[in-house]
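K.L.:
how would this look folded up:
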Amino acid sequence: MVEKLFKLKENKTDIRTEVLGGITTFLTMAYILAVNPNILSASGMDANAVLMATALAAAVGCYLMAFLANYPFALAPGLGINAYFAYTVCLKLGYSWQFALFAVFVEGIIFIVLSLVNVREAIFNAIPEQLKLGISGGIGFFIVFIGLQNSGIIVADGATMVALRNFRTNFSSAGIGALLALIGVVIIAVLHHRNVKGSMLIGIFAVWLMGILCQLTGLYKVDPDAGVYSLLPSFSSFHPADLGKTFGQCFAFDFSSVKISDFIVIIFVFLFSDLFDTIGTLIGVSSRANMFDKDGKLPNFKPALLADAIATCVGAVFGTSTTTTFVESSSGIAEGARTGLASVVTGTLFLLSLVLAPIFTAIPGFATAPALIIVGYMIMQSFAKIDFSDMTEALPAALCTITITLTYSIADGMAAGIISYVVINLLCGKAKRISVLMYILAVLFLLKYMFL
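P.N.:
I've put the predicted structure just below:
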């Protein structure tokens, strides 16, 4: 049954590998169960309800990806767009979170239509091969950057934006976490080099257990006011029934108070961000898994996009912002996952988190950070495949890579790559290599930055 559904032999994998991959992916993205409620609650939403909605939307998205596309890509409410939801749509523009959920629902419907008529697939196929390598490499650097930040190894700095942590400062809290993360990187690197199955998973749990030991012995001191939380699970504030506070609320608002101009702009921003974040992520994780065919296209691309779009609609009904494909899927792929069975495992763990969320959310960022750093290193190898002998191809790819990392946005990185590719090749007399769709995308990106 499993073989028939997921074609394990055809994809040169087995059940054990897929299960390990699915678990690893879940653990590297389980932070969304804590982060998404924290961000969306700023809009007035109930945090526990958002946690429930986040878990359910992620589970549905993973199952859709598994059974529609048979890919090991995991989905969950995305970071960045949830901040736009809470801080711009609700707090800045003054709209209710119910309206914001409705906008997400409408965006999902539009995405379903765009997926069915091949618009998203056409965009994917129109992106030049060298630019795809730049996107993939950029996602690799981006994931490493996220891992370094989550671990506390890299910190914010007023003068240079980012800096290396001073390990002597706050060593008993953030400092010890950063040190344990470095140990975790070494553990995973050595295990992976020795071809130990489950190296990512072993590394995550090893760092978490070392952290717990440090907490029990007093080396790691809990200080919630400073953002340093206990590494031991607590079930005291978990209320599954709270989902009713957000479920179906995307249709419970007064549309007469909404400005049509605002509505159009909000929908466009949701669409634009989700579209290019998803395409960029699919390029990155697919490149890592060598899933492209000889023409540089991704088989089953339409079903993958459809799964993403349907999950967005479902998530809006449950009560969360846009659901999208996660770059952390690369961690499971690095463990060998190649089919939708891994996504089924990840989705099932999200369902289990409805009951066991306090356990999963107790795993600190510095425990999952080493896996992200190693995975990012693996993905960034795509950057080495860029042909640097041709500046008209290589420079846009490099700009794409750099912008993804420094802006914390796959969509902005793709914008930099697409705009520069069109302008540079046009001025260098190589207009024939630029497709009509690339011209359209470049203009759309320029209009976005000029008027939004």
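K.L.:
which residues touch residue 438?
P.N.:
126-128, 418, 421-422 (Cβ atoms under 8 Å, 6 or more residues apart in numbering). C-beta here means a position set from N, CA and C on the backbone, and glycine is covered the same way.
K.L.:
please apply the same query to residue 361.
P.N.:
Contact partners of residue 361, counting by Cβ under 8 Å, 6+ apart, are 30-31, 33-34, 233.
K.L.:
and what of residue 49?
P.N.:
Residue 49 touches 242-247, 319, counting by Cβ under 8 Å, 6+ apart.
K.L.:
where along this structure do the strands fall?
P.N.:
75-77, 154-157, 161-164, 323-325 (DSSP state E).
K.L.:
need these in TSV (columns: distance to residue 288, mean pLDDT and mean neighbour count).
P.N.:
TSV is the format used below for the strands of the chain (distance: least, Cβ to Cβ, whole Å; pLDDT from 0 to 100; neighbours: other Cβ atoms under 10 Å):
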stretch	distance to residue 288	mean pLDDT	mean neighbour count
strand 75-77	17	96	32
strand 154-157	23	86	13
strand 161-164	25	86	11
strand 323-325	13	94	29
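K.L.:
need these in a markdown table (columns: distance to residue 119).
P.N.:
Converted to a markdown table, these look like this (distance: least, Cβ to Cβ, whole Å):
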| stretch | distance to residue 119 |
| --- | --- |
| strand 75-77 | 20 |
| strand 154-157 | 38 |
| strand 161-164 | 37 |
| strand 323-325 | 17 |
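K.L.:
residue 201: which of these is closest?
P.N.:
Evaluated over the strands of the chain, closeness to residue 201 peaks at strand 75-77, with 18.7 Å, by Cβ to Cβ.
K.L.:
quick one: which two of the contacts of residue 361 are the most distant?
P.N.:
Of all pairs in the contacts of residue 361, the most separated under Cβ to Cβ is 31 and 233 at 14.7 Å.
K.L.:
these two - which one has more neighbours?
P.N.:
The neighbour count for residue 31 versus residue 233, taken as other Cβ atoms under 10 Å, is higher for residue 31 (20 against 14).
K.L.:
which residues are in contact with the more buried one?
P.N.:
Counting by Cβ under 8 Å, 6+ apart, residue 31 has contacts 150, 361, 363, 365, 368.
K.L.:
most neighbours, which of the residues you listed?
P.N.:
residue 368 (29 neighbours).
K.L.:
settle this for me: it is touching residue 26, isn't it.
P.N.:
No. If you go by Cβ atoms under 8 Å, residue 368 and residue 26 don't touch, sitting 10.2 Å apart.
K.L.:
returning to that earlier point: just the closest of the contacts of residue 31 to residue 405, please.
P.N.:
residue 150 (14.8 Å).
K.L.:
excluding residues flanking it in the chain, which one is nearest that closest one?
P.N.:
Spatial nearest neighbour of residue 150, excluding adjacent residues (Cβ to Cβ, 6 or more residues apart in numbering): residue 365 at 3.7 Å.
K.L.:
do the same with residue 212
P.N.:
Using Cβ to Cβ, 6+ apart, the closest residue to residue 212 is residue 231 (5.0 Å).
K.L.:
so what's the most centrally placed residue in the chain up against?
P.N.:
Note on the chain: the residue nearest the mean C-alpha position is residue 326, at 3.0 Å, using Cα atoms, centre = their mean. Contacts for residue 326 (Cβ under 8 Å, 6+ apart) come out as 25, 29, 32, 73-76, 78, 281.
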